[in-house]
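S.K.: Any chance you can model this:
(chains A and B)
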Amino acid sequence: MQRITIDPITRLEGHGKIEIFLNEEGNVANTYFQIPELRGFERFCVGRPVEEMPLLTNRICGVCPEAHHMAAAKAVDAVYHVDIPSTAKKLRELLYMAFYCTDHTTHFYALGGPDFIMGPDAPVAERNILGVIHKVGLEIGGKVIQMRKYGHNVVEIIGGRKVHPCTSIPGGLTKGITEEQRKEIETMGRWAIEFAQFSLKIFNDIVMGNPQYVDLILGDIYTHQTYYMGLVDANNKVNFYDGKVRVVAPDGKEYVKYEPKDYAANIAEHVEPWTYLKFPYLKNVGWKGFTDGASSGVYMATPLSRLNASDGMATPLAQAEYEKFFATLKGKPVHQRLAIHWARLIELLYAAEHWVELATDSEITSPDFHAIPTATPTEGVGIVEAPRGTLTHHYWTDERGVVTKVNLVVGTTNNYAPITMSIKKAADSLIKKGNVNQGLLNMVEMAFRAYDPCFGCATHSLPGQMPLEVTIHDVEGHPVKVLKQFVD
Amino acid sequence: MPLRGTGRSPLQKKMKTLVIGLGNPILGDDGVGWVVAEHVRAVLANQQSSILNPQSIEVDCASLGGLSLMERLTGSVRVILIDSIFTGKKKVGTVSQFTLNDLPDLNAGHSASAHDTSLRNALNVGRGMDVLLPKDENVIIVAIEAENVYDFSQDLSLAVAQAVPQAVRIVLDLIDS
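M.R.: Alright, predicted model coming up:
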């Protein structure tokens, strides 16, 4: 595979390379979406004390270290067969709600939202957070920064430091919070609810109020009939931190609901010769290729998937938005991928509401935030919903608690097959008889950006763009056109 | 590492300089920024009491980019970022120095970015909110050409490890300048 880099770049965030092969008629025969993969994490972990995993795994990815910290913390609890105290669970969940608010806010205002707020046809120079500020108003920039600041603050108060929390240990947490900190967290959470409502209003006014955008969302180009996955609580309501994994079929009916420890009986990984990344699929449905439908094991795990796979939201304001969402989009499940952006904002509201619920819980300041593990460690699975998909950590240890094996299924990997399918569908509609629509790059970007993909798992990047190159080949495999974005 | 003198009194160092080693400390050469920053911190700790105003220099390590990095730079007038670089065109271990202004003009925005906006964009967002942030020309990047940034490891490649003293010297000179 040809390697293309930006010069100078200090670190690739993940290099998207798309190859499109045409048939004799000049239409799309196949598309391939390749990205680099970080290697050797399992080897790096083997031989280390398992309680280090919540600290190590949050260095895997610079985008969602909090999600890895939580999945690892739960897996380590399971390895030690320890039930953590109610207060510890609530504190972890409270941290996680604040993280979700930060992460979903960043995606909507810096990444996904500009496509709509500025318009998919707007010059690339305007389709960014600066463009959004210019169009919506200066105050929006301040609100985004404030939301991120509050989210970081809560992570620091509970997690010990910003972005890379360090307080989860086997059996709970190393520390609790004071009444003064609780009040501060509550105040920030109430502001977050207003911010989430404000964000939904922007989406309603600018996106749903524009027939052109509604047509784009409801159109066929970004629609796939697949299975949907998400964690649910005992009432089948969306849950980010805990519960069972529920999968619904393309017709919306429950296909399976399983405990995290049973993930391997339900998920398998397909290998393709052209990429190092694997394609997870529903094991008991089977891999039938990159194809839609109930007979194909392809599933999606995103904010939209979580709404589709649940019976509702566990908080009142988010529940009202949930109902409006499915009423507006006429049916459940919603198969249109661009609706992920809307679903993400409903989740933002849920996270903010639940943040306040937890901050006002009578147990939240209890000193009972840790249970000492006493059982011999063996193996354990921890699953949380990362913002961009179901995140699974599975560790095996010896009797001393030293790691012997690790398996991770990270959020975006779940969506590798559906993203590949969406890219092909976008290409199909924009390349006809060898004529390549100039909007191809934008439309392909919109296809994969909706999933909020995180392939590079890099911790930072300067200048921060993901280089993208699309190469189109004729029927004999010769490259006939190259479209580039941020590639030198 | 020889101790270095600044030739300037603490009162002359009024401009706050923030030095950040960027990268992932468990991702091979990507962690070189942290290593260099730790060396710089150690050198300054030895000489700071007599030469530098402790209030004017801050050294940190971080795994941040885009908006998060901008937020970290808040309140700084001058920033030195130490980072790995992967051009594939320079000899591994080559140390480069440039400012944010020298980076390709990617101000066009997030476009294909998977998760955040560019640092330059993020700085512009912050400035628009009247946040105190350094000018682009005052964001200096010291970059070390890397070899392995895809395999998890706490070890640096030999050529990258050998470049650390040079990078430390460059950062210290920048602090002095």
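S.K.: C-alpha only now, for contacts and for neighbours.
M.R.: Will do.
S.K.: where's B:R41 relative to chain A, distance?
M.R.: Distance of B:R41 to chain A, given as CA to the nearest CA, to the nearest Å: 20 Å.
S.K.: Check whether that residue sits in a helix, strand or coil.
M.R.: helix (DSSP: H, G, I helix; E, B strand; the rest coil).
S.K.: and it, what is it in contact with?
M.R.: B:V59 (CA atoms under 8 Å, 6 or more residues apart in numbering or on different chains).
S.K.: Check it and give its pLDDT.
M.R.: As predicted, B:R41 sits at a pLDDT of 94.
S.K.: same question, A:T10
M.R.: Reported pLDDT for A:T10: 27.
S.K.: Could you pull out the strands in chain B for me?
M.R.: Per DSSP state E, chain B carries strands over the ranges B:17-22, B:57-62, B:78-85, B:95-99, B:139-145.
S.K.: which stretches of the stretch 1-150 of chain A have low pLDDT?
M.R.: Scanning the stretch 1-150 of chain A for pLDDT under 70 picks out A:1-17, A:35-37, A:61-63, A:124.
S.K.: Could you find the residue nearest the spatial middle of chain A?
M.R.: Residue closest to the average C-alpha location in chain A (CA atoms, centre = their mean): A:R388, at 0.4 Å.
S.K.: For that one, give me its contacts.
M.R.: A:R388 neighbours (CA under 8 Å, 6+ apart): A:301-303, A:411-412, A:451-454.
S.K.: Just name the closest of the residues you listed to A:Y258, please.
M.R.: A:A301 (15.1 Å; CA to CA).
S.K.: who's in contact with stretch A:53-60?
M.R.: A:45, A:64-73, A:76, A:164-166, A:168-169, A:457-459, B:24-26.
S.K.: One more pass at 6 Å, please.
M.R.: For stretch A:53-60, the surrounding residues in contact (CA atoms under 6 Å, 6 or more residues apart in numbering or on different chains) are A:65, A:68-69, A:72-73.
S.K.: start to end distance for it?
M.R.: 11 Å (CA to CA, to the nearest Å).
S.K.: will you turn the contacts of A:R388 into JSON lines that also has pLDDT, neighbour count and secondary structure?
M.R.: Formatted as JSON lines, the contacts of A:R388 follow (pLDDT from 0 to 100; neighbours: other CA atoms under 10 Å in any protein chain shown; DSSP: H, G, I helix; E, B strand; the rest coil):
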{"residue": "A:A301", "pLDDT": "96", "neighbour count": "29", "secondary structure": "coil"}
{"residue": "A:T302", "pLDDT": "95", "neighbour count": "31", "secondary structure": "coil"}
{"residue": "A:P303", "pLDDT": "97", "neighbour count": "33", "secondary structure": "helix"}
{"residue": "A:G411", "pLDDT": "78", "neighbour count": "27", "secondary structure": "helix"}
{"residue": "A:T412", "pLDDT": "79", "neighbour count": "23", "secondary structure": "helix"}
{"residue": "A:Y451", "pLDDT": "82", "neighbour count": "27", "secondary structure": "coil"}
{"residue": "A:D452", "pLDDT": "76", "neighbour count": "26", "secondary structure": "coil"}
{"residue": "A:P453", "pLDDT": "72", "neighbour count": "22", "secondary structure": "coil"}
{"residue": "A:C454", "pLDDT": "68", "neighbour count": "22", "secondary structure": "coil"}
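S.K.: Save the residues you listed as CSV, and put in distance to chain B too.
M.R.: Below are these laid out as CSV (distance: CA to the nearest CA, whole Å):
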residue, distance to chain B
A:A301, 17
A:T302, 15
A:P303, 16
A:G411, 14
A:T412, 11
A:Y451, 10
A:D452, 7
A:P453, 6
A:C454, 6
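S.K.: of all those residues, which two lie farthest apart?
M.R.: A:P303 and A:C454, at 14.4 Å, using CA to CA across the contacts of A:R388.
S.K.: Name the residues linked to the residue nearest to the spatial centre of chain B by a beta bridge.
M.R.: Nearest residue to the geometric centre of chain B (CA atoms, centre = their mean): B:L81, 1.2 Å. B:L81 forms beta bridges with B:I20, B:I141, as assigned by DSSP bridges.
S.K.: which residues sit in contact with it?
M.R.: Here B:L81 is in contact with B:19-20, B:141 (criterion: CA under 6 Å, 6+ apart).
S.K.: Longest helix in chain B, please.
M.R.: Identified as the longest helix of chain B according to DSSP state H is helix B:158-176.
S.K.: Chain neighbours aside, what residue packs nearest to B:N138?
M.R.: B:R78 (5.0 Å; CA to CA, 6 or more residues apart in numbering or on different chains).
S.K.: swap in A:D103?
M.R.: A:D103 sits nearest to A:P387 (CA to CA, 6+ apart), 7.2 Å away.
S.K.: Neighbours of that neighbour, how many?
M.R.: Close neighbours of A:P387, defined as other CA atoms under 10 Å in any protein chain shown, add up to 27.
S.K.: That one and A:A343, how far apart?
M.R.: A:P387 is 11 Å from A:A343, by CA to CA.
S.K.: And for A:G411?
M.R.: A:G411 sits 16 Å away from A:A343 when distances are taken as CA to CA.
S.K.: again with A:V247
M.R.: From A:V247 to A:A343 the distance is 17 Å (CA to CA).
S.K.: now swap in A:P65 and tell me
M.R.: A:P65 is 22 Å from A:A343, by CA to CA.
S.K.: Count residues in the vicinity of the residue nearest to B:N138, would you?
M.R.: B:R78 is flanked by 21 other residues according to other CA under 10 Å.
S.K.: before we move on, what about A:N284?
M.R.: Using other CA under 10 Å: A:N284 sits among 12 other residues.
S.K.: tell me the SS of it?
M.R.: Assignment for A:N284 (three-state DSSP): coil.
S.K.: Ramachandran coordinates for it?
M.R.: Backbone torsions of A:N284, given as degrees, to the nearest 10, read phi -90, psi 0.
S.K.: Spatially, what comes nearest to it if we skip its sequence neighbours?
M.R.: A:N266 (6.5 Å).
S.K.: wait, isn't that neighbour in contact with A:K283?
M.R.: Yes. Under the criterion of CA atoms under 6 Å, A:N266 makes contact with A:K283 at 5.2 Å.
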